[in-house]
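Peer 1: Here is a sequence together with a model predicted from it:
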Amino acid sequence: MSTSTSASSRSKPVAIVAGVAAAAVLLGVVSYTATKPSPPGASGASAAAEVSADPSAGVYPELEAYARRDASDGLALGRADAPVVLIEYADFKCGYCGKFARDTEPLLVEKYVENGTLRIEWRNFPIFGEESEAVARASWAAGQQGCFWEFHRAAYAEGAKEQGYGKDRLAALAKEAGVPDAARFAKDTEGQAARTAVRKDQDQGYALGATSTPSFLVNGRPIAGAQPLETFTEAIEAAARTAKKPVKPSGAGAGAEGGSGAESGAGNGSGAGVESKAGNGSGAGVESKAGNGSGAGR
């Protein structure tokens, strides 16, 4: 699998291809493990994805380069020089992405982003059709006015997905998010810059082998699905123990970006169960669609 379709990966050394290929295999395995039917006699929901006590297990150092660490990135939260970067590939129409946003992400923000350990970088990964594409562009447009995380919170609120993401609904979400210039928001949403930004994120996700949402990288460690809180805390803490410091950001400055970003919600969901367009069995918090624009269907 090649990363040549991604604008951000064209400049990366050829050596990264091996890491990407390995991660693609791992993401596929983790996705399958998360969604495969339970064997006869098994009880309850699927277990969390395994995170080894060995902090280097399942980590692909080459993939750490996918963290942009751009201090001006409006779709990122936390210090650009944070030792750990969690990259999330997600779709606003994905129910399990919403579950992660409401139940797990706020706790990660409170525990790790606020003390400078973690940076969260969002990647738009729309896989559920035209509305997914439209709301992805709209989120980017909100980010151009410093309101991405407020838009993110509104778009992932309980019941928001069921209302759809048509043009009027997107305008209402922008208003709820406090986007100051509605005309600019509407223009940016339909503009070429938004389309290019979303495609860049999509290409990176497809190159990594992601075929379902949400998918994550934590300092080069792939995690598939809205796993329980403990899966993320263990991965973040393992990465923090081995991270090299200081980390040089790619943009100017190294302060916190993106506003407060802490969505309301308490506790962590188990992420059990699957909503799927590919007919997967019960599993752990993955939504998928068979096939994609880059031929990486599962």
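Peer 2: Yes, it's here. Numbers count the residues shown, from 1 in each chain.
Peer 1: all helices of the stretch 51-200 of the chain, in order?
Peer 2: Under the criterion DSSP state H, counting those that start in this stretch, the stretch 51-200 of the chain contains helices at 95-99, 105-108, 130-143, 148-155, 167-177, 182-189, 192-207.
Peer 1: Can you check which of the ones you listed gets nearest to residue 241?
Peer 2: Nearest of the helices of the stretch 51-200 of the chain to residue 241, taken as Cβ to Cβ: helix 105-108 at 16.8 Å. Placement of C-beta: from N, CA and C, glycine included.
Peer 1: list the buried ones in the closest one?
Peer 2: Residues of helix 105-108 classed as buried: 105-108 (neighbour count, 16 or more other Cβ atoms under 10 Å).
Peer 1: Stretch 192-199 too?
Peer 2: 194, 197-199.
Peer 1: tell me the mean pLDDT over it?
Peer 2: Mean per-residue pLDDT for stretch 192-199: 98.
Peer 1: Contacts made by that stretch with the rest, please.
Peer 2: Residues from elsewhere that reach stretch 192-199 (Cβ atoms under 8 Å, 6 or more residues apart in numbering): 124, 126, 133, 136-137, 140-141, 188.
Peer 1: Equivalent analysis for stretch 163-183, please.
Peer 2: Residues contacting stretch 163-183 (Cβ under 8 Å, 6+ apart): 92-93, 131-132, 134-135, 138, 141-142, 145, 147, 150-151, 153-155, 160, 185-186, 189.
Peer 1: what comes up buried for that stretch?
Peer 2: 165, 169-171, 173-174, 176-177, 179.
Peer 1: Among the residues you listed, which one sits closest to residue 112?
Peer 2: residue 177 (23.9 Å).
Peer 1: per-residue pLDDT, the closest one?
Peer 2: pLDDT for residue 177: 98.
Peer 1: mind checking how far it is from residue 64?
Peer 2: Noted for residue 177: a distance of 31 Å to residue 64, by Cβ to Cβ, to the nearest Å.
Peer 1: and if you look at residue 146?
Peer 2: 27 Å.
Peer 1: In a helix, residue 235, correct?
Peer 2: Yes: assignment of residue 235 by DSSP: H, G, I helix; E, B strand; the rest coil places it within a helix.
Peer 1: Quick check: closest non-adjacent residue to it.
Peer 2: residue 218 (4.4 Å; Cβ to Cβ, 6 or more residues apart in numbering).
Peer 1: What residues does the one you found make contact with?
Peer 2: 84-87, 232, 235-236, 239.
Peer 1: Now the buried members of the residues you listed.
Peer 2: Buried among the contacts of residue 218 by 16+ other Cβ under 10 Å: 84-87, 232, 235-236, 239.
Peer 1: Take the residues you listed and write them to CSV, including distance to residue 70 and pLDDT.
Peer 2: Below are the buried ones among the contacts of residue 218 laid out as CSV (distance: Cβ to Cβ, whole Å; pLDDT from 0 to 100):
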residue, distance to residue 70, pLDDT
84, 16, 98
85, 11, 98
86, 15, 98
87, 13, 98
232, 23, 97
235, 23, 97
236, 21, 97
239, 20, 96
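Peer 1: would you list the residues you listed in CSV and tack on distance to residue 287?
Peer 2: Rendered in CSV, the data for those read as follows (distance: Cβ to Cβ, whole Å):
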residue, distance to residue 287
84, 25
85, 23
86, 19
87, 18
232, 18
235, 21
236, 23
239, 26
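Peer 1: ok, the residues you listed vs residue 99, which is closest?
Peer 2: Comparing these against residue 99 with Cβ to Cβ places residue 232 closest, at 13.0 Å.
Peer 1: I'd assumed residue 103 was in contact with the closest one.
Peer 2: No: contact between residue 232 and residue 103 fails when scored by Cβ atoms under 8 Å: they sit 11.3 Å apart.
Peer 1: what is in contact with those two at once?
Peer 2: Joint contacts of residue 232 and residue 103 (Cβ under 8 Å, 6+ apart) do not exist.
Peer 1: Can you tell me the strand partners of whichever helix or strand residue 216 is part of and which way each runs?
Peer 2: Using DSSP states H and E, residue 216 maps to strand 215-218. Applying DSSP bridges to the sheet, strand 215-218 is found paired with strand 84-90 (antiparallel), strand 221-224 (antiparallel).
Peer 1: Residue 206 is nearest to which of those strands?
Peer 2: So among those, strand 84-90 is nearest, using Cβ to Cβ, at 9.4 Å.
Peer 1: Right, I'll leave it there.
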